[in-house]
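>>> Quick check, what structure comes out for this input:
(one chain, ligands or ions: 3)
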Amino acid sequence: MNVLVINAGSSSLKYQLYDMTNETVLAKGRVERIGMESSILTHEVEGEPDVREVSEILEHTAAVRKVLDMLTHPKFGVLRAIGDIQAVGHRVVHGGESFHESVLIDADVKAEIRRLFDLAPLHNPAHMMGILAVEANLPDVPQAVVFDTAFHQTMPPASYLYAIPTVLYRKHKIRRYGFHGTSHDYVSKQAAAFLGKAPEALKIVSCHIGNGASCAAILHGKSYDTSMGMTPLEGLMMGTRSGDLDPAIVPFAMNKEELTLSEVNSMLNKHSGLLAISGLSSDMREVVQAMEEGSEPAKLAFEMYAYRIRKYIGAYAAAMNGIDVLLFTAGVGENSVPLRKRVCEGLTFLGLELDDARNEVRSGETRRVSADGSQVDVLVVPTNEELLIARDTYRLAIGPKGKR
Ligand SMILES: Nc1ncnc2c1ncn2[C@@H]1O[C@H](COP(=O)(O)OP(=O)(O)O)[C@@H](O)[C@H]1O
Ligand SMILES: CC(=O)OP(=O)(O)O
Ligand SMILES: [Mg+2]
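Ligands and ions are numbered 1, 2, ... in the order given. Modelled structure (predicted):
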């Protein structure tokens, strides 16, 4: 029972092939620079050297074809034939208000994803290209979509509405949707299992700190609030995204700097955050290294980044009238010892105490980094969005619920 998971971006396509009988990854990889000169395919099989191929891959259909060729390659492949793929699951960032859970793809679902292009112009059109490319290459294989927004559909209106004229919500669906839901869902359940408790018994603040970053208040197993908004720009400071700012800055800067809408969008999404303040890099590893070498802008960038996370944790502890678990996940959250330390240093008023030695342990497992006497369990939980997508796809396409 093999499920292929696809995360399609505008010029890239990441994939993982799962054997769902034991939830193991048979192969994974990515195609980068689709539509540009010299596209790169990197293909990994556990225990084998990575395969890297440079060729010209002009669009997503060809990229999927290339992935299928690699998966069935006599030397590097793991499948006898593409017929051994039973289902395909896609990450879709924006599901709007229509999707509260993962669904199998049909004409209506595709139409709805298209309707949401406006709300996620960077993400949804690329996902649609991935869906159509799989359809062209594997016309008889069921496909499912798993939405970043679905987990957050439990937020109450007081969390998801903006205090602007309600006509904007009624007419244009302007509201908070939240993202990284697949990750927040997965890691919060992993955290509860690690603690031997039911998710319904816990107040969790989940910090998904990767390239994109968001915090979520997860009250009794359900998303109650989250820092990303109508788009993945709001909330925390990120690698290249500004996060929260006074909305009046947008027209003011446009006016003063004579910026167009697309320029101001690009400034806030691609030229802000860690990159802008450090003047150096959007990568936390490089910022920390520069800080340790004495760079003042890098130090300020690090401080601002940690401070924003700490403010959200405090806000969400207040939102839920308490906090039992604080968890860190994703690239920075799982790996940056100094970032976790700096965030937690200001949270002792919650009875939260980090254990420095535990915080320094590196492992790919869920682990506790708080001290034994801490009133809040602080955990590092590796995320696995692909596994959750594979599970949902398997359940919908092959399991008893959605057999075609
Ligand atoms: N050892 C590390 N220390 C600090 N930051 C790290 C480390 N490893 C990875 N990162 C950060 O993780 C980020 C990527 O996170 P990830 O969750 O993979 O993001 P995305 O899925 O959004 O691309 C990188 O930009 C990098 O800053
Ligand atoms: C929604 C989002 O920000 O995704 P990513 O972290 O993959 O950029
Ligand atoms: Mg990510």
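>>> rest of the way, CA atoms for contacts and neighbours
Noted.
>>> how about the residues of this protein that lie near ligand 1?
Neighbours of ligand 1 within the chain, by Cα under 6 Å from any ligand atom: 210, 211, 212, 283, 284, 285, 330, 331, 332, 335, 336.
>>> Quick check: bridge partners of residue 13?
On the basis of DSSP bridges, residue 13 is bridged to residue 8, residue 31.
>>> Can you name the residues that contact it?
Counting by Cα atoms under 8 Å, 6 or more residues apart in numbering, residue 13 makes contact with 6, 7, 30, 31, 32, 60, 63, 130.
>>> Recalculate using a threshold of 7 Å.
6, 7, 30, 31, 32 (Cα atoms under 7 Å, 6 or more residues apart in numbering).
>>> Check residue 22 too.
Contacts of residue 22 (Cα under 7 Å, 6+ apart): none.
>>> In three-state terms, label it for me.
coil (DSSP: H, G, I helix; E, B strand; the rest coil).
>>> what's the distance between it and ligand 2?
Remark: distance between residue 22 and ligand 2 (Cα to the nearest ligand atom, to the nearest Å) = 26 Å.
>>> Equivalent analysis for residue 63, please.
For residue 63, the distance to ligand 2 - Cα to the nearest ligand atom - is 20 Å.
>>> So that residue, which state does it fall into?
helix.
>>> Distance of it relative to residue 54?
12 Å (Cα to Cα, to the nearest Å).
>>> Going by distance to ligand 2, which of the contacts of residue 13 wins?
residue 7 (9.2 Å; Cα to the nearest ligand atom).
>>> just to revisit the earlier point, which of residue 63 and residue 54 has more neighbours?
It is residue 63, of residue 63 and residue 54, that has more neighbours when counted by other Cα atoms under 10 Å, with 25 against 14.
>>> buried ones in the strand or helix carrying residue 136?
Using DSSP states H and E, residue 136 sits within helix 124-137. Neighbour counts over helix 124-137 (16 or more other Cα atoms under 10 Å) mark 124, 125, 126, 127, 128, 129, 130, 131, 132, 133, 134, 135 as buried.
>>> Partner strands of the next helix or strand after it and their direction?
Downstream of helix 124-137, the first helix or strand assigned by DSSP H and E is strand 143-147. Strand pairing for strand 143-147, using DSSP bridges, gives strand 85-92 (parallel), strand 103-104 (antiparallel).
>>> Now do strand 143-147, average pLDDT.
Mean pLDDT, taken over the full extent of strand 143-147, equals 97.
>>> got the angle between that strand and helix 124-137?
Relative orientation of strand 143-147 and helix 124-137, computed by axes from the mean of the first three to the mean of the last three Cα atoms, to 10 degrees: 170 degrees.
>>> Strand 143-147 close to ligand 2?
No: Strand 143-147 does not reach ligand 2 (Cα under 6 Å from any ligand atom); its nearest approach is 10.0 Å.
>>> If you count contacts, what does the helix or strand that that strand is followed by end up packed against?
Helices and strands here follow DSSP H and E; after strand 143-147, the next one along the chain is helix 157-160. If contacts are counted by 3 or more Cα pairs under 7 Å, 6 or more residues apart in numbering; DSSP states H and E, helix 157-160 sits against no helix or strand.
>>> Show me what helix 157-160 is in contact with.
Here helix 157-160 has contacts from 175, 176, 177, 225, using Cα under 7 Å, 6+ apart.
>>> do the same with stretch 325-333
203-210, 284, 334, 376-383.
>>> Also stretch 307-314?
Contacts for stretch 307-314 (Cα under 7 Å, 6+ apart): 205, 215, 236, 237, 343.
>>> Can you list the buried residues in that stretch?
So for stretch 307-314, counting by 16+ other Cα under 10 Å, buried means 307, 308, 309, 310, 312, 313, 314.
>>> Just the ones in strands from these, please.
Taking DSSP state E, every one of the buried residues of stretch 307-314 sits outside strands.
>>> Next, format those as TSV and append pLDDT and distance to residue 119.
Output for those, formatted as TSV (pLDDT from 0 to 100; distance: Cα to Cα, whole Å):
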residue	pLDDT	distance to residue 119
307	98	29
308	98	25
309	98	25
310	98	28
312	98	24
313	98	27
314	98	29
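>>> Out of these, the closest to residue 161 would be?
residue 312 (17.7 Å; Cα to Cα).
>>> Can you pull out the low-pLDDT segments for the stretch 51-200 of the chain?
For the stretch 51-200 of the chain, no stretch is flagged by pLDDT under 70.
>>> Any residues of it in contact with ligand 2? List them.
Taking Cα under 6 Å from any ligand atom, the part of the stretch 51-200 of the chain that reaches ligand 2 is made up of 93, 179, 180.
>>> now with 8 Å?
Proximity of the stretch 51-200 of the chain to ligand 2 (Cα under 8 Å from any ligand atom) is limited to residues 93, 148, 179, 180.
>>> For the last one, which non-adjacent residue is spatially closest?
Sequence neighbours aside, residue 148 is the residue nearest to residue 180 in space, at 5.0 Å (criterion: Cα to Cα, 6 or more residues apart in numbering).
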